[in-house]
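Generate coordinates for the sequence data below:
(2 chains)
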Protein chains: 2
Amino acid sequence: MRTALVIGTGLVGTSAALALAGRGVTVHLVDHDAGQARTAAALGAGTDEPLEGRADLAIVAVPPAHVAAALAEAMRRGAARAYLDVASVKSGPRRELEAMGCDLAPYIGTHPMAGKERSGPLAATADLFEGRPWVLTPTRDTDTEALNLALELVALCRAVPVVMDAEAHDRAVAMVSHTPQLISSMVAARLEEADETVVRLCGQGIRDVTRIAASDPRMWLEILSANPGPVADVLTGVADDLDETVRALRALQSADEEKRRSGVTGIEDVLKRGNAGRARVPGKHGAAPASYEIVAVLISDQPGELARIFADAGRAGVNIEDVRIEHATGQQAGLVQLMVEPSAAPGLAASLKEHGWSLRQ
Amino acid sequence: MRTALVIGTGLVGTSAALALAGRGVTVHLVDHDAGQARTAAALGAGTDEPLEGRADLAIVAVPPAHVAAALAEAMRRGAARAYLDVASVKSGPRRELEAMGCDLAPYIGTHPMAGKERSGPLAATADLFEGRPWVLTPTRDTDTEALNLALELVALCRAVPVVMDAEAHDRAVAMVSHTPQLISSMVAARLEEADETVVRLCGQGIRDVTRIAASDPRMWLEILSANPGPVADVLTGVADDLDETVRALRALQSADEEKRRSGVTGIEDVLKRGNAGRARVPGKHGAAPASYEIVAVLISDQPGELARIFADAGRAGVNIEDVRIEHATGQQAGLVQLMVEPSAAPGLAASLKEHGWSLRQ
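Here you go, the predicted structure:
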């Protein structure tokens, strides 16, 4: 790939452009807001001068609702040898292009699984996609050239290509991203009208479950609007589990012994299936997070406390895989949970104790 | 308080005993398994010699199903001036005691909001309750002496007393603890049968939402069995939201413009209520977690990388409020998110850059 045309210079478009430009590709930047394209160019993402002739690859990175139109327009102009989009939902754009009578051979739908809280070219970084899955959705009609240019883009962005069917992708993100978002919002919504005393009892569990409920509703409305069917299907599955669980809980209140037993079975079932599903969630390097051991250290709330812990851990030659900091209510002390490979835990614990840290067993 | 009788020397009983013994209270330890009481005594939690005369306070820390019987038995013997239990659900034990014809004046139901993954006396620590809410549920019949002894226990354990009605407590934990647990299990359960490709697309959002789905089903079955009514009530509220949301998503697929608009309103509503509820979840020192700013730093996966970051942050005089480490799929690099007070973020970012760190904007 020698030349690329990036249409839409927001976070994703500009980040891809930065990665390509940094690896020697000539990138032309276009945005319906010329100022955005100029900003991206000023950041080193390429040039906002018009493209002469044809690019190797056109990357359409506009909001989901405008993807098909932008692709169709670029194709009409013959702007590139191959075309792709990066929208977070994949069946819609393809259907719309088909309805517009476009030739789908030089097109491939893609979705880089990366993002951040901020948007726009100023939030872009060349490493945004590093190590992240980048879904490609070729069909039997897709030109090999288009697939290869997409694979080259993914490689230049140092992402990990994952080939999927468009519908399978949309069902997958409904399950691993869109449904958790809505469910997190629903759990958090319980607290909207709760008494302050109730809210005071919140612990780390609900804190984790509701973290993403703080996300931007406008962005999520756009995403969910582009994938309503698959999300509704997954939510219906959750609703069935929920109804079963309410029934099981009511059965536990029954005077009838057999009913109570069926209640126990129902609750056990959902908890155990939860265990099984959770065990499949990849942690670092694809390993199950359950495989780490936790070394918990008490700290005061002074600058430098964490630095000292990590320095002492480093001296022990131990690699910290993950960290949680839990703060106590109404006081300055806290608990740092260091997650390490089980084999490293005893050494780390011993070394920290030696350096005067108080550990929780 | 000069003498305490701890009945049940598991994690909670032994931890309370350790705190009391450490502050000069004479603690007598009893367990139906004499070996457990001996272990607790060996850890410095008190003595497993039988109590002569009356203790000031009897602390019943046995599994929920045995709380009322253990309390009634201790009361019958006149083992103490006041009695309390520490079970995670509060209406049940009181009702059972009443049904047994016990005098409820010297009794107060309590619930320390602390725990850990491991159980048993060996997991106990004197600081288990430090800074944690400890719910007390006195009624108008509760002796002032019983309330004051309970308050003294909470103070000696350095917990934060929160007075609530027993039913209100059970509804509160249904909302902030029991419901999030079940919902987390249900979201995780979706992944049980999912294709490996789907599972590979999991990101930090679903990872957080499903973290507690890894919890022990046996323990949760016991907790949920003791509080089925309030949990079913909260779940029913979630089920209503869920049905509304599925309806809204289906409306988004409609050809009818007005229906689609109602779908948008429905989705927006649940996302915004989620924002509002999440904003109430207390973070450190009761502050909303949304008030922190994130400084994101790229790291390699070498021992010592985190130590260097924290040392550099410490040199900048910045207090790190929380940390998340996000690992990239299939490679060794990772991203450390440092959460700090907004006013501290620019200084931290500048200082880290100066020390050669790559930041994500």
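
how about A:Val27, what does it touch?
With contact taken as Cβ atoms under 8 Å, 6 or more residues apart in numbering or on different chains, A:Val27 is in contact with A:3-6, A:17, A:20-21, A:45-47. Backbone N, C-alpha and C define where each C-beta goes, glycine included.

Can you tell me the SS state at it?
strand (DSSP: H, G, I helix; E, B strand; the rest coil).

how near is it to chain B?
20 Å (Cβ to the nearest Cβ, to the nearest Å).

repeat for A:Leu249
Counting by Cβ to the nearest Cβ, the gap from A:Leu249 to chain B is 4 Å.

Who are the packing partners of the helix or strand containing that residue?
Assigned by DSSP states H and E, A:Leu249 belongs to helix A:228-252. When contacts are defined as 3 or more Cβ pairs under 8 Å, 6 or more residues apart in numbering or on different chains; DSSP states H and E, helix A:228-252 sits against helix A:166-173, helix A:179-189, helix A:257-280, helix B:179-189, helix B:217-225, helix B:228-252.

Out of these, which gets the lowest mean score?
Mean pLDDT per stretch puts helix B:217-225 lowest among these, at a mean of 91.

With chain A in mind, check whether it reaches it.
Yes - between helix B:217-225 and chain A, judged by Cβ under 8 Å from any Cβ of the partner chain, the touching residues are B:217, B:220-221, B:224-225.

ok so, going back, quick one: distance of the helix holding A:Leu249 to the chain centre.
Distance of helix A:228-252 from its chain centroid, counting by Cα atoms, centre = their mean, to the nearest Å, is 24 Å.

Quick check: what element follows the helix or strand bottoming out on mean pLDDT in chain A along the chain?
Across the helices and strands of chain A, mean confidence by mean pLDDT, DSSP states H and E is lowest for strand A:322-327: a mean of 69. For strand A:322-327, the following helix or strand on the C-terminal side (DSSP H and E) is strand A:334-340.

Packing partners of that following strand?
Packing partners of strand A:334-340 (3+ Cβ pairs under 8 Å, 6+ apart): strand A:293-299, helix A:305-315, strand A:322-327.

returning to that earlier point: want to throw the helices and strands packed on helix A:228-252 into a markdown table with distance to A:Asp127?
Shown next, in a markdown table, are the helices and strands packed on helix A:228-252 (distance: least, Cβ to Cβ, whole Å):
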| stretch | distance to A:Asp127 |
| --- | --- |
| helix A:166-173 | 22 |
| helix A:179-189 | 25 |
| helix A:257-280 | 28 |
| helix B:179-189 | 30 |
| helix B:217-225 | 41 |
| helix B:228-252 | 35 |
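
List just the one of these that sits closest to B:Asp322.
helix A:179-189 (17.9 Å; Cβ to Cβ).

so who does A:Ala4 touch?
Taking Cβ under 8 Å, 6+ apart as the criterion, A:Ala4 is in contact with A:17, A:20, A:25-28, A:46, A:55-59, A:153.

please redo it, this time with the cut-off set to 6 Å
A:20, A:25, A:27, A:55, A:57 (Cβ atoms under 6 Å, 6 or more residues apart in numbering or on different chains).

before we move on, what about A:Leu57?
Going by Cβ under 6 Å, 6+ apart, A:Leu57 touches A:1, A:4, A:80, A:82, A:149.

what are the phi and psi values for the fourth one?
Just to be clear, that refers to A:Ala82. A:Ala82 adopts backbone torsions of phi -140, psi 160, taken as degrees, to the nearest 10.

which residues touch it?
The contact partners of A:Ala82, taken as Cβ under 6 Å, 6+ apart, are A:57, A:106, A:145-146, A:149.

cool, and the third one?
With contact set as Cβ under 6 Å, 6+ apart, A:Ala80 has these partners: A:5, A:54-55, A:57-58.

Quick check: bridge partners of the closest residue to it other than its chain neighbours?
Once flanking residues are discounted, A:Ala80 sits nearest to A:Ala58: 3.7 Å by Cβ to Cβ, 6 or more residues apart in numbering or on different chains. Beta-bridge partners for A:Ala58, by DSSP bridges, are A:Leu5, A:Tyr83.

I'd like to know how many residues surround A:Ala58.
A:Ala58: 29 surrounding residues under other Cβ atoms under 10 Å in any protein chain shown.

Cool, thanks, signing off.
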